[in-house]
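Trainee: give me the fold of what follows.
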Amino acid sequence: MRQCIFCGSKTNINREHLWPEWVLKRVEPETIIGFIGHNKDLEFKREWKVRCVCKECNEGWMHKLEDANIPIMGPLIDGRSRLLDKVQQWSIAVWSVKTSMVLDSATAPAVSLFYTQEERYNLREFGLIPRGTLVWLGYFHAIHDVAAGASQIRTGLPDKVDFPTRISTFLLGSLVIQVTTSHLSPEYRDRTIVISSAERPWNYLIVPCWPTCDASVYWPPVMPLDLGGTTSDFSAFADRFNLGIDIPLPPKGSSG
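Mentor: Model (predicted):
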């Protein structure tokens, strides 16, 4: 039986839009393109729906989250530059992780969802972003495209411990969002995570969104992403984490 991925309710389960109506009206895409794992160049209907959320969540906290982000994300989707303060960065990150969780339920059986029930509950109740999550924002050189991509990698460390990492990439008009979440075992949770990726000028192509910066972040980045097969190609950006993650091990003799 289907149940709400956020509160666990088994009644009034709706078919939730992956993209809210306000985004679709703003961008007006004809089709939605994307990839799921190794399945590339997929096309979806404009109103891609996932049966994973109850009516109470959909019309309650999720509706409030959309309303809060319309004035924040709307100008970015339209391609208008702006400064994002810490609260705005957090708000975009919560929206992005929520969308990543909904996409997770669309691309995996319920028994193998990446995000845990505790992570989904904490996001719903407290706006808590899962530990090990990073969010970046990019700029796409167009305004009428929508795309989504999801992949999952497992990475190994010298001690042969491996960790699952889920990557979700969204294209909404001129706004690009990428979310990565790594599930680390307890002994590694306080370590610094270094996500290895293909070498591109990422510092010019994306800006950090989560964890929030101490100061405001200026969007857009210096360089836009495109579909031209160049160093700034959107597809390459969405698939950039094929190298996995590294977690520096403490020096020998260290107890940390």
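Trainee: buried stuff in the strand or helix carrying Asp104?
Mentor: Following DSSP states H and E, one finds Asp104 within helix 86-107. Under the neighbour-count criterion of 16 or more other Cβ atoms under 10 Å, helix 86-107 has 88-107 buried. Placement of C-beta: from N, CA and C, glycine included.
Trainee: got it, and stretch 163-183?
Mentor: Neighbour counts over stretch 163-183 (16+ other Cβ under 10 Å) mark 163, 165-183 as buried.
Trainee: mind exporting that stretch as PDB, just the C-alpha atoms?
Mentor: Output in PDB follows, covering the C-alpha atoms of stretch 163-183 (Å, rounded to 0.1, in the frame of the first residue of the first chain):
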ATOM      1  CA  PHE A 163      29.100   5.000   1.200                       C
ATOM      2  CA  PRO A 164      26.000   5.600  -1.000                       C
ATOM      3  CA  THR A 165      25.600   9.100  -2.400                       C
ATOM      4  CA  ARG A 166      22.600  10.400  -4.200                       C
ATOM      5  CA  ILE A 167      22.800  13.200  -6.800                       C
ATOM      6  CA  SER A 168      19.800  15.200  -8.000                       C
ATOM      7  CA  THR A 169      20.100  17.900 -10.700                       C
ATOM      8  CA  PHE A 170      17.300  20.200 -11.600                       C
ATOM      9  CA  LEU A 171      17.000  22.700 -14.500                       C
ATOM     10  CA  LEU A 172      14.300  25.300 -14.100                       C
ATOM     11  CA  GLY A 173      14.500  28.000 -16.800                       C
ATOM     12  CA  SER A 174      17.700  29.800 -16.000                       C
ATOM     13  CA  LEU A 175      18.200  28.200 -12.600                       C
ATOM     14  CA  VAL A 176      20.200  25.100 -12.100                       C
ATOM     15  CA  ILE A 177      20.200  23.300  -8.800                       C
ATOM     16  CA  GLN A 178      22.300  20.300  -7.800                       C
ATOM     17  CA  VAL A 179      21.800  18.300  -4.500                       C
ATOM     18  CA  THR A 180      24.100  15.600  -3.200                       C
ATOM     19  CA  THR A 181      23.500  13.700   0.000                       C
ATOM     20  CA  SER A 182      26.000  11.100   1.300                       C
ATOM     21  CA  HIS A 183      25.000   8.600   4.000                       C
END
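Trainee: spit out the contact partners of Tyr115.
Mentor: With contact taken as Cβ atoms under 8 Å, 6 or more residues apart in numbering, Tyr115 is in contact with Ser100, Met101, Asp104, Pro130, Arg166, Thr181.
Trainee: just say helix, strand or coil for it.
Mentor: At Tyr115 the chain is in coil, as set by DSSP: H, G, I helix; E, B strand; the rest coil.
Trainee: much appreciated, bye for now.
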